[in-house]
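S.K.: coords please:
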Amino acid sequence: MKIDDALKKAVTLNTDKVDSNKTRTESRAPVTGGQKSGESVTLSPLASQLQSIAAAGANENVYNADKVNAIKSAISSGQFRVDSEKVADGLINTVKDLLSAPR
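M.R.: All right, here's what the predicted structure looks like:
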């Protein structure tokens, strides 16, 4: 059984495109909450990109809600059956992947 991170597939960071000279002037947002009104906060391009990634991840369904509800219903009614061979095969494949992964 493999678990894929849908967010990593959907959005990738391009850190090599960040220009360190631009980080101080890219975007400005007003400061709120007890600060003087003339002050501002500067976000780097990478920070702006991280905000957009977080927003994209929040809007994306990471799981199938219908399938989860069907499994919950089957468990509560006593009809859910676990396929032990499938679970064992998934565990073996995961261990093989972990053992072959470079450290």
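
S.K.: show me where the protein dips below the pLDDT cut-off.
M.R.: Scanning the chain with the threshold set as pLDDT under 70 gives 1-36.

S.K.: tell me the secondary structure at Val41.
M.R.: When the structure is split into helix, strand and coil by DSSP: H, G, I helix; E, B strand; the rest coil, Val41 lands in strand.

S.K.: show me the contacts for Ala58.
M.R.: Shown here is Ala58, which makes no contacts under the criterion CB atoms under 8 Å, 6 or more residues apart in numbering. The C-beta positions use only the backbone N, C-alpha and C, and glycine is treated the same way.

S.K.: would you mind listing the buried residues in the helix of greatest length in the chain?
M.R.: When secondary structure is assigned using DSSP state H, the longest helix within the chain turns out to be helix 84-100. Of all the residues in helix 84-100, not one is buried under the rule 16 or more other CB atoms under 10 Å.

S.K.: that one - contacts with which helices or strands?
M.R.: Using 3 or more CB pairs under 8 Å, 6 or more residues apart in numbering; DSSP states H and E as the contact criterion, helix 84-100 has no neighbours among helices and strands.

S.K.: for that helix, output the C-alpha coordinates as PDB.
M.R.: What follows is helix 84-100 as a C-alpha-only set of coordinates in PDB (Å, rounded to 0.1, in the frame of the first residue of the first chain):
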ATOM      1  CA  SER A  84      -5.300 -10.100   4.500                       C
ATOM      2  CA  GLU A  85      -3.400 -11.100   1.300                       C
ATOM      3  CA  LYS A  86      -3.800  -7.600  -0.100                       C
ATOM      4  CA  VAL A  87      -2.600  -6.000   3.200                       C
ATOM      5  CA  ALA A  88       0.400  -8.400   3.400                       C
ATOM      6  CA  ASP A  89       1.400  -7.700  -0.200                       C
ATOM      7  CA  GLY A  90       1.200  -4.000   0.400                       C
ATOM      8  CA  LEU A  91       3.400  -4.300   3.500                       C
ATOM      9  CA  ILE A  92       5.900  -6.400   1.700                       C
ATOM     10  CA  ASN A  93       6.100  -3.900  -1.200                       C
ATOM     11  CA  THR A  94       6.500  -1.000   1.200                       C
ATOM     12  CA  VAL A  95       9.300  -2.700   3.000                       C
ATOM     13  CA  LYS A  96      11.000  -3.500  -0.300                       C
ATOM     14  CA  ASP A  97      10.700   0.200  -1.300                       C
ATOM     15  CA  LEU A  98      12.100   1.300   2.000                       C
ATOM     16  CA  LEU A  99      15.000  -1.100   1.900                       C
ATOM     17  CA  SER A 100      15.900  -0.100  -1.700                       C
END
